[in-house]
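Novice: output the structure for:
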Amino acid sequence: MASNKISLVDTTIRDGSQSLWALRMRAGMMIPALPDMDSAGFEAIEFVVPSAQFSRSIRDLKEDPWVWLREGAKLAKNTPLRLHGSVASYFATVPLCIQELFLQKLVEIGVTTTRTSDPWNDFDNSKIEFDVLRRNGMDGVINLIYSVSPRHTLEYYAERTRKARELKPLAICFKDVGGLLIPEMARQVIPIVLREAGDVPVEFHAHCNNGLAPYNVLIAAELGIKTIHTAIPPLANGSSQPSVFNVVNNLRAKGYQVDLDLAPLERVRDHFYQIAQEEDLPIGHPMEFEEDLYLHQVPGGMISNLVFQLEKVGKGDQIRETLEETARVREELGYPIMVTPLSQFVGTQAAINVMTGERYGLVTDEVIGYAMGRWGREAVEVMDQNLKDRILSLPRADEVRVKIEQAAEEPTLEQVRKQYGGKCSDDELIVRVFAGVGDSELDLDHGENVPRTYEEYKAMHNPLELALEQFARSSEFRHMHYRTDEGELIVQKRSR
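Specialist: Purely as a prediction, here's the structure:
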């Protein structure tokens with residue numbers, strides 16, 4: 001008899017932060033919450049996305065990202081932490097020697113698993129990546145990304161699942177990154193993925209862009225998937241994953257065993273809600289179903305960027321035309337899956353077509369590279385061949401070809417060290433390369449004042465609230481006098 005036990009992977013501080021807070025979560029926000037997350041009983045906690053998070057930490061938050069990694073890893077005593085990101089692919093912009101050095105550092109810290117993707121589901125290409133991971137002491141969960149197009153048939157998913165299984169990953173993660181999966185299709189495609197995965201476990205990861213993910217989770221469990229990805233509010237719903245509270249309650253109502261303690265996660269929820277209110281950060285809400293999403297398939301966060309581009313040239317009212325053009329460009333490029341970086345290439349080219357009033361009169365270097373196979377060998381085969389010939393005949397194409405050839409020459413670690421002065425530590429070298437920081441000194445917070453507990457966070461960011469909480473709990477004191485440069489507050493407890 002099959003087990004009815006369901007395990008959960010937490011995505012709050014990785015995908016939740018990336019989807020809803022644009023990676024603006026600071027180490028001091030994450031660290032107080034991690035002990036409670038670690039004690040809840042998750043199968044794993046997604047912990048970091050490398051280059052994007054490093055760049056955000058250094059350039060915008062002025063933080064040393066190693067504080068997040070090292071301090072956080074010390075707190076995860078019960079739950080494996082996961083990296084999310086690919087290495088050794090044709091999409092990588094960081095030299096392979098630096099990626100390998102980073103993997104070695106992560107293994108030293110205690111992070112030995114990554115969940116990785118190829119945007120084309122090209123698992124022949126992923127063989128190289130898994131070789132790199134394993135020789136550096138890591139192993140991987142491989143994403144099988146769901147998409148909607150004439151190319152993405154049930155036969156396609158059967159064939160791609162078989163290819164993914166050949167990698168012998170820790171698991172295959174069936175990933176609905178665009179929130180496109182409808183229940184009828186879930187009941188068709190998930191049994192095929194499970195069948196072709198064989199003895200490789202299958203996980204389910206879905207974004208809530210179109211409001212269907214919480215229901216699809218139940219279908220996935222019913223069909224036999226044993227591991228579900230969820231997030232903790234306010235970093236759930238919206239363009240993130242379903243709420244852990246909603247998923248657990250629904251699964252238990254259906255008779256599934258979910259060995260997760262929600263009590264510590266309530267404290268995490270309250271902590272992140274407080275941060276969202278104080279920092280004016282978005283709160284994820286359930287989304288309404290939108291049929292137009294199937295036309296253009298543009299991720300939610302990307303639509304706001306397209307509006308911004310159009311408004312800069314006085315065409316902000318043409319977002320509808322741009323989304324329709326996005327659908328046409330995607331078709332002509334062979335229906336790439338709308339994930340990073342392919343979605344950006346499609347959307348930007350569509351916006352340019354609308355802004356200039358001429359289709360492909362101006363073509364981005366990325367789309368030229370796409371036609372050359374820089375962004376996936378499959379692209380060259382499936383795109384419109386007349387469009388490919390037109391793009392490759394552009395004068396700019398020769399310059400792009402030279403840039404691609406130069407980028408393909410992998411430097412040695414010694415060469416990269418020399419480029420960055422030759423004297424920096426491994427940690428600093430990785431930081432500089434990931435964030436593209438030059439020889440200037442990095443003026444970063446290295447964690448000297450990072451709060452370690454909820455109380456420390458409140459004391460640093462809302463000392464009056466903490467003082468009132470402590471006063472209310474105390475049976476010893478009946479009077480409180482709170483004074484700052486802005487004024488004073490006197491509180492007295494009533495006699496009973």
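
Novice: strands of the stretch 201-350 of the chain, start to end?
Specialist: 202-206, 227-230 (DSSP state E, counting those that start in this stretch).

Novice: reformat these as a markdown table; add mean pLDDT.
Specialist: A markdown table is the format used below for the strands of the stretch 201-350 of the chain (pLDDT from 0 to 100):
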| stretch | mean pLDDT |
| --- | --- |
| strand 202-206 | 97 |
| strand 227-230 | 98 |
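
Novice: adding distance to residue 195, write the ones you listed out as a markdown table.
Specialist: C-beta: built from backbone N, CA, C; applies to glycine. Formatted as a markdown table, those follow (distance: least, C-beta to C-beta, whole Å):
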| stretch | distance to residue 195 |
| --- | --- |
| strand 202-206 | 10 |
| strand 227-230 | 17 |
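
Novice: which one of those lies closest to residue 254?
Specialist: Closest of those to residue 254 is strand 227-230, at 12.3 Å (criterion: C-beta to C-beta).

Novice: the closest one pairs with which strands?
Specialist: Strand 227-230 has the following sheet partners, assigned by DSSP bridges: strand 7-10 (parallel), strand 202-206 (parallel).

Novice: how much space between the closest residue to residue 352 other than its chain neighbours and residue 353?
Specialist: Computed as C-beta to C-beta, 6 or more residues apart in numbering, the closest residue to residue 352 that is not its neighbour in sequence is residue 362, at 5.5 Å. Going from residue 362 to residue 353 by C-beta to C-beta, to the nearest Å gives 8 Å.

Novice: for residue 488, same thing?
Specialist: Counting by C-beta to C-beta - residue 488 and residue 353 are separated by 62 Å.

Novice: now swap in residue 322 and tell me
Specialist: From residue 322 to residue 353 the distance is 8 Å (C-beta to C-beta).

Novice: that older thread, the residue nearest to residue 352 belongs to a strand, doesn't it?
Specialist: No - counting by DSSP: H, G, I helix; E, B strand; the rest coil, residue 362 is located in no strand; its state is coil.

Novice: that older thread, who has more neighbours out of residue 488 and residue 353?
Specialist: Shown here are residue 488 and residue 353; by other C-beta atoms under 10 Å, residue 353 has more neighbours (21 against 9).

Novice: residues in contact with the more buried one?
Specialist: Residues in contact with residue 353 (C-beta atoms under 8 Å, 6 or more residues apart in numbering) are 325, 329, 359-361.

Novice: same check on residue 77?
Specialist: Counting by C-beta under 8 Å, 6+ apart, residue 77 touches residue 38.

Novice: go with 10 Å
Specialist: 34-35, 38-39 (C-beta atoms under 10 Å, 6 or more residues apart in numbering).

Novice: shaky segments in the stretch 51-200 of the chain?
Specialist: Scanning the stretch 51-200 of the chain for pLDDT under 70 picks out the ranges 88-92.

Novice: any chance you could map the strands in it?
Specialist: For the stretch 51-200 of the chain, the strands defined by DSSP E, counting those that start in this stretch occupy 81-84, 113-116, 139-145, 171-176.

Novice: of the contacts of residue 353 - the most surrounded one?
Specialist: So for these (other C-beta under 10 Å), the most neighbours sit at residue 329, 25 neighbours.

Novice: on that earlier part again, closest to residue 290 out of the strands of the stretch 51-200 of the chain?
Specialist: It's strand 171-176; of the strands of the stretch 51-200 of the chain, that one is closest to residue 290 (C-beta to C-beta) at 15.0 Å.

Novice: neighbouring strands for that closest one, and are they parallel or not?
Specialist: By DSSP bridges, strand 171-176 pairs with strand 139-145 (parallel), strand 202-206 (parallel).

Novice: circling back to that earlier point, for residue 310, find the nearest of the strands of the stretch 201-350 of the chain.
Specialist: Of the strands of the stretch 201-350 of the chain, nearest to residue 310 by C-beta to C-beta is strand 202-206, at 29.6 Å.

Novice: tell me which residues of that closest one are tucked away?
Specialist: Buried positions in strand 202-206, judged by neighbour count with 16 or more other C-beta atoms under 10 Å: 202-206.

Novice: one more: stretch 277-294?
Specialist: 281-284, 287, 293.

Novice: and if you look at stretch 53-72?
Specialist: Of the residues in stretch 53-72, 53-58, 61, 63-72 count as buried by neighbour count, 16+ other C-beta under 10 Å.

Novice: may I see the strands paired with strand 227-230 organised as CSV, with distance to residue 178 added?
Specialist: Formatted as CSV, these follow (distance: least, C-beta to C-beta, whole Å):
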stretch, distance to residue 178
strand 7-10, 19
strand 202-206, 9
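
Novice: residue 302: which of those is closest?
Specialist: If you check each of the strands paired with strand 227-230 against residue 302 by C-beta to C-beta, strand 202-206 wins as the nearest, at 17.9 Å.

Novice: format the CA atom coordinates belonging to the closest one as PDB.
Specialist: C-alpha atoms of strand 202-206 as PDB (Å, rounded to 0.1, in the frame of the first residue of the first chain):
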ATOM      1  CA  VAL A 202       9.500  13.700  -8.200                       C
ATOM      2  CA  GLU A 203       8.900  17.000  -6.500                       C
ATOM      3  CA  PHE A 204       6.300  19.600  -7.400                       C
ATOM      4  CA  HIS A 205       7.100  23.300  -7.600                       C
ATOM      5  CA  ALA A 206       4.500  25.800  -8.800                       C
END
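
Novice: mind checking which of the strands paired with strand 227-230 is nearest residue 398?
Specialist: Closest of the strands paired with strand 227-230 to residue 398 is strand 202-206, at 41.0 Å (criterion: C-beta to C-beta).

Novice: gap between that closest one and the chain center?
Specialist: The chain centroid and the centroid of strand 202-206 are separated by 14 Å under C-alpha atoms, centre = their mean, to the nearest Å.

Novice: equivalent analysis for stretch 329-341, please.
Specialist: Offset of stretch 329-341 from its chain centre (C-alpha atoms, centre = their mean): 19 Å.

Novice: pull out the buried positions in it.
Specialist: By neighbour count on 16+ other C-beta under 10 Å, the buried set for stretch 329-341 is 329-330, 332-339.

Novice: which two of those have the greatest separation?
Specialist: 332 and 339 (18.2 Å).

Novice: show me how far stretch 389-400 is from its chain's centre.
Specialist: With C-alpha atoms, centre = their mean, you get 33 Å for stretch 389-400.

Novice: what average pLDDT does that stretch get?
Specialist: Mean per-residue pLDDT for stretch 389-400: 96.

Novice: what do you get for stretch 452-464?
Specialist: Taken as a whole, stretch 452-464 has a mean pLDDT of 77.

Novice: kindly export that stretch (C-alpha atoms) in CSV.
Specialist: In CSV, the C-alpha atoms belonging to stretch 452-464 read as follows (Å, rounded to 0.1, in the frame of the first residue of the first chain):
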residue,chain,number,x,y,z
ARG,A,452,20.4,36.8,15.6
THR,A,453,17.0,36.6,17.3
TYR,A,454,13.5,38.1,16.8
GLU,A,455,14.1,40.2,20.0
GLU,A,456,17.4,41.5,18.7
TYR,A,457,15.7,42.4,15.4
LYS,A,458,13.0,44.3,17.2
ALA,A,459,15.4,46.0,19.5
MET,A,460,17.3,47.3,16.4
HIS,A,461,14.4,48.2,14.2
ASN,A,462,11.5,48.8,16.6
PRO,A,463,12.8,49.2,20.1
LEU,A,464,9.5,50.7,21.5
